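Novice: show me how the following folds:
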Amino acid sequence: MTSRFAAVRIAGKLPVLQELADQYVTDLVKRRLDDYGIPAYTTDSREFAH
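Specialist: Alright, predicted model coming up:
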């Protein structure tokens with residue numbers, strides 16, 4: 001567990017900091033999804049045939 005994750009986890013338990021922690025995590029997820037870009041579905045179903 002990283003120290004940043006631990007800090008957000010603790011902040012999420014404190015009523016005064018819950019909204020700030022929630023906004024931080026939401027922004028983090030949005031940035032990561034933007035970085036990943038549009039998914040490329042390249043799975044070949046023949047690879048999974050029995």
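
Novice: who touches the helix or strand harbouring Tyr24?
Specialist: For Tyr24, the host element (DSSP states H and E) is helix 18-36. Contact partners of helix 18-36, identified using Cβ atoms under 8 Å, 6 or more residues apart in numbering, comprise Val8, Ala11, Gly12. Using the backbone N, CA and C atoms, a C-beta is placed for each residue, glycine as well.

Novice: now for the second one, how many residues are close by?
Specialist: Read it as Ala11. By the criterion of other Cβ atoms under 10 Å, Ala11 has 17 neighbours.

Novice: check the offset of stretch 27-35 from the chain's centre.
Specialist: In terms of Cα atoms, centre = their mean, to the nearest Å, the gap separating the centre of stretch 27-35 from the centre of its chain is 7 Å.

Novice: and the end-to-end length of stretch 11-21?
Specialist: 6 Å (Cα to Cα, to the nearest Å).

Novice: what's the average pLDDT for that stretch?
Specialist: Mean pLDDT, computed over stretch 11-21, is 88.

Novice: buried stuff in it?
Specialist: Ala11, Gly12, Ala21 (16 or more other Cβ atoms under 10 Å).
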